[in-house]
Structures are given as C-alpha cells and as structure tokens.
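Enquirer: what follows is a predicted protein model with its sequence.
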Amino acid sequence: MPANTHHKLMKKRDWPAVHGVIFHPESPDSDDDLLMRKYKERDEHGRLPHHWMAAKSQTHTHTLAKVGVVSIRLNEEALTTRDNKGETPIDITSRSGACAEIIGLLSLTPEEARSLDEEEMFRGGGEH
C-alpha cells in the first residue's frame, strides 16, 4: 500500500506541514473521519504514521508534540501496532534517538491514552 500524505511528511520530519494538514480547515484532510482513516493506513513497510514519527522525532518542538498528541488521539491502537519487522512505535524510538516527549507519548498504552485528554497528554509529554 502506498504511503499517504501523513507518512510522507513524517518521513521528511516536516512537523509544521503535518500540523497544517491536520489543523487547517481548508485542508482536504481536515475531516475527522478521513484523518482517522489516514492514521490507520499502513505503508509498504506495514508502518503507520506513528512508526515514522517514532523514527524521525529526534528534536523536540512544540509543533511535534501537538502532532504526536493528535496522532495518538486519531489512532490509540497504533501504540501497540507492529510493522512488517514486528516493531511497535516505542520499539523504534529506542534505536532512533527520539526526543523524550515522543518517547513518553509512545510509551502510553492505548488504555492510558484514552483515559487522558489532549491537554494532559500535551502537558505531561505522556508521563505515566
């Protein structure tokens, strides 16, 4: 399956562009149902956008943190989803050198993520 816009932008570490397609109403991806579907789509490596965020998020920014929180909200099950190599997003962070905030967010369980609101996830960086 080909990568969607979110996969491609995350691979490029273009957090402002990812933020833009999520949050700007003129974006064709701004529809919540469409966004949820895109965050459940796998690319040719069996990866979700969350896997690419785990691989490409070495430097923390406010925008990256917002993208991380919303990405998890769009697909909490992605936290435990394995790609074609059998890796979850948190597995990837350990070798990619991901920033602490993304490690914290991706180390949540789907249940923990559902129990927190977006502001709690954003402020706490996923600490639990």
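Expert: Thanks, I have it. Numbering: from 1, shown residues only.

Enquirer: what about L48, how many residues close to it?
Expert: When neighbours are defined as other C-beta atoms under 10 Å, L48 has 28 of them. To be clear about C-beta, it is placed using only N, CA and C from the backbone, and glycine gets the same treatment.

Enquirer: C-terminal to whichever strand or helix holds R114, what's the next element?
Expert: Element membership for R114 (DSSP states H and E) is helix 110-115. Counting by DSSP H and E, the next helix or strand C-terminal to helix 110-115 is helix 118-124.

Enquirer: helices of the protein, start to end?
Expert: In the chain, the helices defined using DSSP state H lie at 5-11, 15-23, 32-38, 49-56, 62-74, 89-96, 100-106, 110-115, 118-124.

Enquirer: in the shortest one, what counts as buried?
Expert: Applying a neighbour-count criterion of 16 or more other C-beta atoms under 10 Å, the buried positions in helix 110-115 are A113.

Enquirer: for the helices of the chain, which one sits closest to D83?
Expert: Of all the helices of the chain, helix 49-56 sits nearest to D83, with 5.4 Å by C-beta to C-beta.

Enquirer: show me the shaky parts of this structure.
Expert: Scanning the chain for pLDDT under 70 picks out the ranges 1-2, 25-30, 124-128.

Enquirer: any idea how far A17 is from the residue sitting nearest the centre point of it?
Expert: The chain has H50 as the residue nearest its centroid, 3.6 Å off, counting by C-alpha atoms, centre = their mean. As judged by C-beta to C-beta, to the nearest Å, H50 and A17 stand 17 Å apart.
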